[in-house]
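In: Curious how this folds, go ahead:
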Amino acid sequence: MNNIKNEKGLTLIELMISIMVASMVISMLLSILTMSLKAKATMEVENKLLMESTIVAEKLKFNMFELQAQKVELISDTSTSTIIHITHEYDILLDSNQIIYKDNSSPIVHILTYDKIAQQITYDSGSGPVLLHDSNVLVTYQDELSNVVSSIELISFDDTVCDFAIEPCYGGVIKLTLTISVLFPNGAVLVPQTYVTTIIYKSIPFD
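Out: Next comes the predicted model:
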């Protein structure tokens, strides 16, 4: 009886082809993983910057609501800063005869400041300026081409009724154009992103 021994194995060429195919698959998987990580990092950066711009707008709206702001005035707008006064000018009270009257004896003025040199936005409610954003957030005034990329503007509903350039207004829009970046402790800076938010306020004057 003949014993036939069946030996199975890989030739050198087959082994090389298997290694090449495996290398290609691993390379594709690594590329997909790298792209996924980059996309995740980009999304996290964009979400972080968007969140910071939202925080500024929401804190400003909250402070104005708490103040019951009645008028807003542009005090100055220069290459170094924008200063805006937000005022609760009067209260509506009842006298001893239950007659409604306007009491403007104790106006309250809050100060919104955009420091273009320090790249910070602060809000002073009377106890000193407080940042409206994290301390490592930068609100860039000009880009590398000296284009203005961040601003706080006051826009009147009707310039024929009230013009912010010459007087306070009891109604209007605060437009925040914020180019925001984040400075990390190691000196790295996120690529700036620009966000625009508008805050509408309206007060009916009491005569």
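
In: any chance you could map the helices in this structure?
Out: With helices called from DSSP state H, the chain shows them at 12-67.

In: any low-confidence regions in it?
Out: For the chain, the stretches with pLDDT under 70 are 1-10, 37-42, 44-46, 204-207.

In: Tell me the strands beside the strand ranked longest in it, with direction?
Out: Longest strand of the chain, by residue count under DSSP state E: strand 171-182. Applying DSSP bridges, strand 171-182 is found paired with strand 137-139 (antiparallel), strand 151-156 (antiparallel), strand 193-202 (antiparallel).

In: what sits against the residue nearest to the spatial centre of the chain?
Out: In the chain, the centroid-proximal residue (C-alpha atoms, centre = their mean) is residue 53; its distance is 1.0 Å. Going by C-beta atoms under 8 Å, 6 or more residues apart in numbering, residue 53 touches 176, 178, 180, 195, 197. Backbone N, C-alpha and C define where each C-beta goes, glycine included.

In: quick one: which of those is nearest to residue 135?
Out: residue 180 (13.4 Å; C-beta to C-beta).

In: Report the contact partners of the closest one.
Out: So residue 180 contacts 49, 52-53, 133, 137-140, 192-195 (C-beta under 8 Å, 6+ apart).

In: and for stretch 93-110, what are the contacting residues?
Out: For stretch 93-110, using C-beta under 8 Å, 6+ apart, the contacting residues are 63, 67, 69, 85-92, 123-126, 206-207.

In: Can you measure across it, start residue to end residue?
Out: The separation between the terminal residues of stretch 93-110, taken as C-alpha to C-alpha, to the nearest Å, is 22 Å.

In: how distant is that stretch from the center of its chain?
Out: 37 Å (C-alpha atoms, centre = their mean, to the nearest Å).

In: again, but for stretch 86-105
Out: Stretch 86-105 has its C-alpha centroid displaced from the chain centroid by 36 Å (C-alpha atoms, centre = their mean).

In: Pull out the buried residues from that stretch.
Out: 86-91 (16 or more other C-beta atoms under 10 Å).

In: Double-check residue 64 against residue 86; I have them as touching.
Out: Yes: the pair residue 64 / residue 86 is scored as a contact, 6.0 Å apart, by C-beta atoms under 8 Å.

In: list residues touching both of the two?
Out: Common contacts of residue 64 and residue 86 (C-beta under 8 Å, 6+ apart): none found.

In: residue contacts, the nearest residue to residue 129 once chain neighbours are set aside?
Out: By the measure of C-beta to C-beta, 6 or more residues apart in numbering, the closest residue to residue 129 outside its immediate chain neighbours is residue 122, 3.7 Å from it. When contacts are counted by C-beta under 8 Å, 6+ apart, residue 122 is found next to 112-113, 115, 129-132.
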